[in-house]
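Enquirer: Need a 3D model of the sequence below.
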Amino acid sequence: MIPMNFVFFKRIFTRFYFLWIGICFFIVYRETFQAPFIWDDVVMIQENTFLFQATIKDIFTHSAFGEPFSAAKFYRPIQILSYWIDSNVVGFSVLTFRLSSFLYGLLVGWCVFSLLKK
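Expert: Numbers count the residues shown, from 1 in each chain. Coordinates of the predicted model:
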């Protein structure tokens with residue numbers, strides 16, 4: 001026989017799993033909200049003038065730094081689109097980039113958990 005407490009906690013976890021994933025992800029990620037840009041963030045975000053000049057079409061037809069697209073160039077359109085939205089729509093700040101990364105990670109965690117749950 002399964003104890004009553006186990007069934008209660010199982011119901012709470014399965015009904016609020018998105019909240020639990022969010023809490024766990026926040027605990028792991030919380031220190032980064034105050035961190036400055038480091039390593040590739042400086043090159044990809046702070047010093048990348050393409051982010052401020054590009055249109056959505058440019059993002060999908062050029063490299064990450066604005067060069068015409070070729071197989072040898074650094075092509076990451078989804079990453080650059082995310083940075084473009086952060087810098088042009090929401091505003092350029094380290095916290096904006098960190099929060100959007102947190103939300104994207106939370107969304108991916110929820111999707112993976114939902115797929116594995118089935």
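Enquirer: who's in contact with stretch 106-118?
Expert: By CB atoms under 8 Å, 6 or more residues apart in numbering, the residues outside stretch 106-118 that reach it are 17-18, 21-22, 25. C-betas here are computed from N, CA, C, even on glycine.
Enquirer: Tell me which entries of those lie within helices.
Expert: Using DSSP state H, the subset of these located in helices is 17-18, 21-22, 25.
Enquirer: re earlier: want to try JSON lines for the contacts of stretch 106-118, with distance to Lys73, pLDDT and neighbour count as columns?
Expert: As requested, the contacts of stretch 106-118 are exported to JSON lines (distance: CB to CB, whole Å; pLDDT from 0 to 100; neighbours: other CB atoms under 10 Å):
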{"residue": "Tyr17", "distance to Lys73": "40", "pLDDT": "71", "neighbour count": "14"}
{"residue": "Phe18", "distance to Lys73": "38", "pLDDT": "74", "neighbour count": "14"}
{"residue": "Ile21", "distance to Lys73": "36", "pLDDT": "76", "neighbour count": "18"}
{"residue": "Gly22", "distance to Lys73": "36", "pLDDT": "79", "neighbour count": "16"}
{"residue": "Phe25", "distance to Lys73": "33", "pLDDT": "80", "neighbour count": "17"}
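Enquirer: Kindly indicate which of these lies nearest Met44.
Expert: Distance to Met44 across the contacts of stretch 106-118 (CB to CB) is lowest for Phe25, with 22.4 Å.
Enquirer: Identify the spatial nearest neighbour of the closest one, chain neighbours not counted.
Expert: Leu106 (5.4 Å; CB to CB, 6 or more residues apart in numbering).
Enquirer: Output whatever helix or strand that neighbour lives in as PDB, restricted to C-alpha atoms.
Expert: Following DSSP states H and E, the helix or strand that holds Leu106 is helix 94-117. The C-alpha coordinates for helix 94-117 follow below in PDB (Å, rounded to 0.1, in the frame of the first residue of the first chain):
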ATOM      1  CA  VAL A  94      23.100  42.800 -19.000                       C
ATOM      2  CA  LEU A  95      20.000  42.000 -16.900                       C
ATOM      3  CA  THR A  96      17.800  41.900 -20.100                       C
ATOM      4  CA  PHE A  97      20.100  39.400 -21.700                       C
ATOM      5  CA  ARG A  98      20.300  37.300 -18.500                       C
ATOM      6  CA  LEU A  99      16.500  37.300 -18.000                       C
ATOM      7  CA  SER A 100      15.800  36.300 -21.600                       C
ATOM      8  CA  SER A 101      18.400  33.500 -21.400                       C
ATOM      9  CA  PHE A 102      16.700  32.300 -18.100                       C
ATOM     10  CA  LEU A 103      13.300  32.300 -19.800                       C
ATOM     11  CA  TYR A 104      14.600  30.400 -22.800                       C
ATOM     12  CA  GLY A 105      16.200  27.900 -20.600                       C
ATOM     13  CA  LEU A 106      13.100  27.500 -18.600                       C
ATOM     14  CA  LEU A 107      11.100  27.000 -21.700                       C
ATOM     15  CA  VAL A 108      13.500  24.300 -22.900                       C
ATOM     16  CA  GLY A 109      13.400  22.600 -19.500                       C
ATOM     17  CA  TRP A 110       9.600  22.500 -19.600                       C
ATOM     18  CA  CYS A 111       9.600  21.100 -23.200                       C
ATOM     19  CA  VAL A 112      12.100  18.400 -22.300                       C
ATOM     20  CA  PHE A 113      10.200  17.500 -19.200                       C
ATOM     21  CA  SER A 114       6.900  17.400 -21.100                       C
ATOM     22  CA  LEU A 115       8.300  15.200 -23.700                       C
ATOM     23  CA  LEU A 116       9.900  12.800 -21.200                       C
ATOM     24  CA  LYS A 117       6.700  12.700 -19.100                       C
END
